[in-house]
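Chemist: take a look and give me a structure for this.
(2 chains)
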Amino acid sequence: MTRRINWFFLASPASFFAVAGRLTPWFAGASVLLLAAGLYVGFGIAPDDYQQGSVYRIIYIHVPAAWMSMFIYLLMAGYGVLALTFNTRLSAMMVLALAPTGAWFTVIALITGSIWGRPTWGTYWVWDARLTSELFLLFLYLGVLALHHAHADPKRADRAAALLAIVGAINVPIIYFSVKWWNTLHQGASISLTAAPKMAMTMLTAMLLVALAAWCYTFAVSFTRVRTIILEREGRSDWLQKKVSA
Amino acid sequence: MWIMSAHGWFVTAAYAATALCIGLELWLLQRRLRRARTAAAASRDGA
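Modeler: Residues are numbered from 1 along each chain as shown, chains lettered A, B, ... in the order given. Got it, this is the predicted structure:
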């Protein structure tokens, strides 16, 4: 008799609560180690840029933060699709667990980009396509959270938040391709999946290490937040009462 | 030392702002987690 794999095992808050709790410390530890390694390579090994000098080193947080702001939004929209399609409780919780982290990464990308812009462009802000669409992404993240809080009924709140997350996903390719489609002050992509990178290997290595650290951080924080949401919503359920008593 | 240069201040400001954002996120999260745990324990004790 063939054994069936229960693909929906992790869709249950009870199962995911335990798994997320076990994985979080590993992701947190990996994040710290990868960040330390990335900053060591970025500051200790990578040389100054011949044009920008040392100020380019903001790239080690600005670019990973910008990548994460877009990736997390797509992930959030994916969970929004699952929530509306399958009506799974956990998918709706994941939308709410990812939104704050994505918003914070967007804030970090905007602030570090602004600080970087002052010495290089001579200005903290321009209304070019890349910066404006990234700012709009922040508004979308805040909108998802605000829309959820605006509804008293949790089910309606989850549906509204998931819907906005899905609709707003169109902004992500706009952000990515904005430097190609419009004349922007923001530079074009230095890294592409189909072409050789236009930056030195040491700088690229440092940036990729910090990007991996950002991923691990996202998993650790989102898992912790979804466990918090599960505690808030299912605090009176039997399985959680047994866990809290244990 | 480059960090004392004009550009060094911009780099320092960027990393400080990042650390502040991450710190704020983690502080808010741990506060929310603590409240959720307290509420869950209270509902267990009240049951």
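Chemist: residues touching the residue nearest to the spatial centre of chain B, list them.
Modeler: Centroid check for chain B by Cα atoms, centre = their mean gives B:Gly23 as the closest residue, at 2.2 Å. Listed by Cβ atoms under 8 Å, 6 or more residues apart in numbering or on different chains, B:Gly23 has no contact partners. In this view, the C-beta of every residue, glycine as well, is placed from N, C-alpha and C.
Chemist: confidence score at it?
Modeler: In this model, B:Gly23 is scored at 97, pLDDT.
Chemist: tell me how far it lies from A:Pro47.
Modeler: 30 Å (Cβ to Cβ, to the nearest Å).
Chemist: returning to what we had before: so the residue nearest to the centre of chain B versus B:Gly8, what's the distance?
Modeler: Distance from B:Gly23 to B:Gly8, counting by Cβ to Cβ: 22 Å.
Chemist: ditto for A:Leu185
Modeler: 24 Å.
Chemist: kindly report the same for A:Gly113.
Modeler: Distance of A:Gly113 to B:Gly8, given as Cβ to Cβ: 18 Å.
Chemist: which one of these two has more residues nearby?
Modeler: Legend: neighbour count by other Cβ atoms under 10 Å in any protein chain shown for A:Gly113 and B:Gly8, higher for A:Gly113 (22 against 16).
Chemist: do you know how far that one is from A:Arg130?
Modeler: 9 Å.
Chemist: for chain A, what lies in contact range of chain B?
Modeler: For chain A, the residues in contact with chain B (Cβ under 8 Å from any Cβ of the partner chain) are A:48, A:52-55, A:57-58, A:61-62, A:65, A:100-101, A:104, A:107-108, A:111-112, A:115-116, A:118-119, A:217, A:221, A:224-225, A:227-228, A:231-232, A:235-236, A:240-241, A:244-245.
Chemist: what does chain B have sitting close to chain A?
Modeler: B:2, B:5-8, B:10-11, B:13-15, B:17-18, B:21-22, B:24-26, B:28-29, B:32-33, B:36-37, B:39-41, B:43-44, B:47.
Chemist: which of the residues you listed count as buried?
Modeler: Neighbour-count burial (16 or more other Cβ atoms under 10 Å in any protein chain shown) applied to the residues of chain B next to chain A gives B:7-8, B:10-11, B:13-15, B:17-18, B:21-22, B:25, B:29, B:32-33, B:36, B:40, B:44.
Chemist: in stretch A:138-151, what counts as buried?
Modeler: A:138, A:140-141, A:143-145, A:147-148.
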